[in-house]
Each structure stands twice: as C-alpha cells, then as structure tokens.
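**Student:** the sequence and its predicted three-dimensional model are supplied below.
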Amino acid sequence: MSIKVRGTTSFNGSNDPLYVVDGLPVEDIKFLSPSDITDIQILKDASSAAIYGSRGANGVILVTTKSGKAGEAKITLGAQGTANVVNNTVKVLNTAEYKELMDETGYVKLPEGLTDQTDWFKETYKTGVQQNYQLSISDGNEKLRYYLGGAI
C-alpha cells in the first residue's frame with residue numbers, strides 16, 4: 001500500500017505522509033487491522049506543517065483506533081470465507097489448432113499425431129480460497145480502558 005497526500009515533492013527524500021496513530025507518530029500503518037480503525041483524517045495543507053513541523057510536509061494521516069468503554073465488557077469474533085472463481089473463461093487453442101497455426105506461420109514444425117492431454121486453463125486458474133478470522137476483547141472502568149484485537 002502506498003499513500004501520497006501531496007504528490008511527489010522530493011526526488012531524494014521520502015514522499016510518504018506522517019502517520020499518527022492515537023497521537024503517536026509511526027512510520028507506517030501496516031501493523032493495523034482495518035477492523036481496528038475507528039476514524040481516519042487527512043491533513044494536507046498548512047495545518048499539517050503548523051502542528052507537526054517539517055515532518056508533516058508531505059501531509060499527515062491521523063488514525064484513531066477502537067478503545068474499550070467503561071462498564072461495557074465485549075468479546076467480538078468475526079469470520080469471513082471467500083472463494084474466488086473465474087467466471088469468464090478464455091477459449092484457448094487445442095493441439096490441432098495450435099499445430100495448424102505453427103504450420104501457417106512457419107516458426108516451428110510440430111510432429112503429426114499430437115493429442116490434447118492437459119487443459120492448461122483449468123490447471124492455471126483454480127478456485128482460490130481465503131479465510132479471515134478476527135477476535136477482539138474490550139472493557140474498562142473510569143480510570144482504565146482497553147481494547148485488544150487480533151486477526152489471522
């Protein structure tokens with residue numbers, strides 16, 4: 001993932017924005033699960049430089065994550081399964097059609113009697129399966145709140 005807030009401003013230096021997660025500046029947000037994010041705000045003009053100085057020259061992305069609430073213990077489990085299937089197949093040449101094409105072009109002389117043995121489209125595009133599981137636990141009181149989340 002690559003985010004550019006103000007375009008390319010430097011050939012030698014980094015053009016990445018400053019990420020601020022819950023008030024703490026970080027290099028990137030790859031460690032965050034999208035399900036743990038509550039809010040994202042983007043500062044792209046003079047306000048980013050006024051608050052964060054030269055580090056905010058390429059823009060600032062403010063990320064707020066979920067937190068626990070006092071007196072509301074909560075356990076959340078999310079599961080997602082996806083199957084990716086090719087709907088629009090491409091008609092490919094069979095062995096006889098391929099031999100005829102090669103004979104017409106004159107690039108390669110193929111021997112007679114070749115047979116179809118493998119459907120390469122089916123071998124290449126198999127059904128893809130994805131699974132995603134997320135578990136979070138949150139609770140708190142007047143002095144302490146916590147939110148713990150994980151995903152695989």
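**Tutor:** Structure received. Residues are numbered from 1 along each chain as shown.
**Student:** for the closest residue to residue 56 other than its chain neighbours, give its distance to residue 19.
**Tutor:** Nearest residue to residue 56, sequence neighbours excluded (C-beta to C-beta, 6 or more residues apart in numbering): residue 48, at 3.7 Å. (Each C-beta comes from the backbone N, C-alpha and C, glycine too.) The gap separating residue 48 from residue 19 is 12 Å, by C-beta to C-beta, to the nearest Å.
**Student:** what's the longest strand along the chain in contact with?
**Tutor:** In the chain, assigned by DSSP state E, the strand with the most residues is strand 128-140. Contacting residues not belonging to strand 128-140 are listed as 33, 35-36, 66-85, 145-152 [C-beta atoms under 8 Å, 6 or more residues apart in numbering].
**Student:** for ChimeraX, what selects the buried ones among the residues you listed?
**Tutor:** Restricted to buried positions by 16 or more other C-beta atoms under 10 Å, the ChimeraX selection for these reads:
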select :36,66,68,147,149
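**Student:** quick check, distance from the longest helix along the chain to the centre of its chain.
**Tutor:** Secondary structure of the chain per DSSP state H: the longest helix is helix 95-105. Between the centre of helix 95-105 and the centre of its chain there are 42 Å (C-alpha atoms, centre = their mean, to the nearest Å).
**Student:** same question, stretch 73-84
**Tutor:** Put simply, stretch 73-84 sits 17 Å off its chain's centre (C-alpha atoms, centre = their mean).
**Student:** quick one, strands of this protein?
**Tutor:** Assigned by DSSP E, the chain shows strands spanning 18-21, 24-26, 37-43, 60-65, 74-84, 128-140, 145-151.
**Student:** now these as a markdown table including distance to residue 95 and mean pLDDT?
**Tutor:** Below are those laid out as a markdown table (distance: least, C-beta to C-beta, whole Å; pLDDT from 0 to 100):
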| stretch | distance to residue 95 | mean pLDDT |
| --- | --- | --- |
| strand 18-21 | 55 | 94 |
| strand 24-26 | 56 | 94 |
| strand 37-43 | 53 | 94 |
| strand 60-65 | 55 | 94 |
| strand 74-84 | 29 | 95 |
| strand 128-140 | 28 | 95 |
| strand 145-151 | 47 | 91 |
